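1. Whatever this is, show me its structure:
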Amino acid sequence: MHNDLDTYLRDRLYVNLEEMVRNISFKHVVVDLFVSDRCNLRCRHCYFSPFTTKEDSLSYEEWIATIDLFYKLGVRHFHLSGKESSLCEDTTKILRYIRQVYPDCYTGIVTNGTGAIEYYQTLLSNIVDYVEFSVDGLEDIHNYIRRKDVYQTVYSNIKNLQEYSHKLNLTTCVNQW
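-> Numbering: from 1, shown residues only. So this is what the prediction gives:
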């Protein structure tokens, strides 16, 4: 374990924070925290290799130290993603931390939409400002890209979250399929 986050980031992620923040205003920066290297799908367009995973993800304490550092730099928008953010057991805990310690922050997650409806309801009820669902077209295209029968799960989850419609976003990768 490193003694300070800057050394940790420099050694592990090849990031020099001092150099990175010089002359940068973080007023409108969105920090995307890649919290999970696991996924339950094998999407044809995935730009993260579906066959490699890093077993040594950051610990909860390291995520909190990272968030604290970015907050001190001026970041006020945290977006949690990954191969699939709902598969990280710390996602809800991390988001709760941001909401409680930094109530002036804007938070959200991106998901493939296959998680349990209760997970999304918990997040949307009082933890995040938005949930962004990855949807790649209508049912036939989405299932071709993602996996057979995935579309109905995602569609059902979105439909069952209509009371939170003002907090739901859709995102897609434009493909030629």
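
2. switch to C-alpha atoms for all contacts and neighbour counts from now on
-> OK.

3. How many neighbouring residues does His77 have?
-> Close neighbours of His77, defined as other C-alpha atoms under 10 Å, add up to 20.

4. For Leu161, see how far away it is.
-> His77 sits at a distance of 23 Å from Leu161 (criterion: C-alpha to C-alpha, to the nearest Å).

5. helix, strand or coil for the residue nearest the centre of the chain?
-> Central residue of the chain (C-alpha atoms, centre = their mean): Ser81, 1.8 Å from the mean position. With DSSP: H, G, I helix; E, B strand; the rest coil as the basis, Ser81 sits in strand.

6. Ok, Ile109 next?
-> With three-state DSSP as the criterion, Ile109 reads strand.

7. Excluding sequence neighbours, find me the nearest residue to it.
-> Of all residues not flanking Ile109 in the chain, Leu80 sits nearest, at 4.6 Å (C-alpha to C-alpha, 6 or more residues apart in numbering).

8. ok, now which ones touch that neighbour?
-> Taking C-alpha atoms under 8 Å, 6 or more residues apart in numbering, we find Leu80 in contact with 32-35, 91, 107-110.

9. Including distance to Arg147, pLDDT and neighbour count, could those residues go into JSON lines?
-> Below are these laid out as JSON lines (distance: C-alpha to C-alpha, whole Å; pLDDT from 0 to 100; neighbours: other C-alpha atoms under 10 Å):
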{"residue": "Asp32", "distance to Arg147": "25", "pLDDT": "89", "neighbour count": "16"}
{"residue": "Leu33", "distance to Arg147": "25", "pLDDT": "89", "neighbour count": "17"}
{"residue": "Phe34", "distance to Arg147": "22", "pLDDT": "85", "neighbour count": "18"}
{"residue": "Val35", "distance to Arg147": "23", "pLDDT": "86", "neighbour count": "25"}
{"residue": "Thr91", "distance to Arg147": "24", "pLDDT": "93", "neighbour count": "21"}
{"residue": "Thr107", "distance to Arg147": "29", "pLDDT": "96", "neighbour count": "23"}
{"residue": "Gly108", "distance to Arg147": "25", "pLDDT": "96", "neighbour count": "23"}
{"residue": "Ile109", "distance to Arg147": "21", "pLDDT": "95", "neighbour count": "27"}
{"residue": "Val110", "distance to Arg147": "18", "pLDDT": "92", "neighbour count": "23"}
